[in-house]
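Participant: Next comes the sequence, and after it the predicted model I'd like to discuss.
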Amino acid sequence: MLLLLAEGRSYRELRDLLFVSNDLVAGCVARFRSGGAEALMGQDRGPAIQPMWWSWIRCWVLTKTPQDFGYFRVRWSCSTLAEVPWWEKGIRKSAECVRRILH
């Protein structure tokens, strides 16, 4: 990934070629800049910190229905779960992002 960037490839090209996200590319670049190749290959970074909205979504799926939020639906969909944090908390996420979290 870093070699392709050094050749002048863009993040978009890397995303399409390697099927990775821009965040992954940026994270690798930042780790390389801070600690060299050893930082990329070695240390376990520990458990990932989860944003609070992940917990909200999981809680809503397990304890509430869309009807609790004014929808006529009986079951949750990813797009509905993406809308609720936006309306309730002002946090906008895509349906695909919600699908990945639930997976």
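Facilitator: Arrived safely, thanks for sending.
Participant: Quick one: the helices in the protein, in order.
Facilitator: In the chain, the helices defined using DSSP state H lie at 2-6, 11-18, 22-41, 52-63, 78-89, 95-102.
Participant: which one of these lies closest to residue 70?
Facilitator: helix 78-89 (8.8 Å; CB to CB). Using the backbone N, CA and C atoms, a C-beta is placed for each residue, glycine as well.
Participant: Return the distance of the closest one from the chain's centre.
Facilitator: 15 Å (CA atoms, centre = their mean, to the nearest Å).
Participant: what packs against that helix?
Facilitator: Applying 3 or more CB pairs under 8 Å, 6 or more residues apart in numbering; DSSP states H and E, we find helix 78-89 packed against helix 52-63, helix 95-102.
Participant: Ok, which of these comes nearest residue 14?
Facilitator: Nearest to residue 14, of the helices and strands packed on helix 78-89 and by CB to CB, is helix 95-102 at 19.2 Å.
Participant: coming back round to it: can I get the helices of the chain in TSV with mean neighbour count and mean pLDDT?
Facilitator: Below are these laid out as TSV (neighbours: other CB atoms under 10 Å; pLDDT from 0 to 100):
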stretch	mean neighbour count	mean pLDDT
helix 2-6	12	85
helix 11-18	14	85
helix 22-41	13	81
helix 52-63	14	82
helix 78-89	16	85
helix 95-102	15	84
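Participant: how about JSON lines for these, with distance to residue 72 added?
Facilitator: Output for the helices of the chain, formatted as JSON lines (distance: least, CB to CB, whole Å):
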{"stretch": "helix 2-6", "distance to residue 72": "48"}
{"stretch": "helix 11-18", "distance to residue 72": "37"}
{"stretch": "helix 22-41", "distance to residue 72": "35"}
{"stretch": "helix 52-63", "distance to residue 72": "17"}
{"stretch": "helix 78-89", "distance to residue 72": "11"}
{"stretch": "helix 95-102", "distance to residue 72": "18"}
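Participant: Nearest to residue 69, out of those helices?
Facilitator: Short answer: helix 78-89, nearest of these by CB to CB, at 5.4 Å.
Participant: how far away is the residue of the chain positioned farthest from its centre from residue 24?
Facilitator: In the chain, the residue that sits farthest from the middle, by CA atoms, centre = their mean, is residue 72; the gap is 28.0 Å. According to CB to CB, to the nearest Å, residue 72 stands 38 Å off from residue 24.
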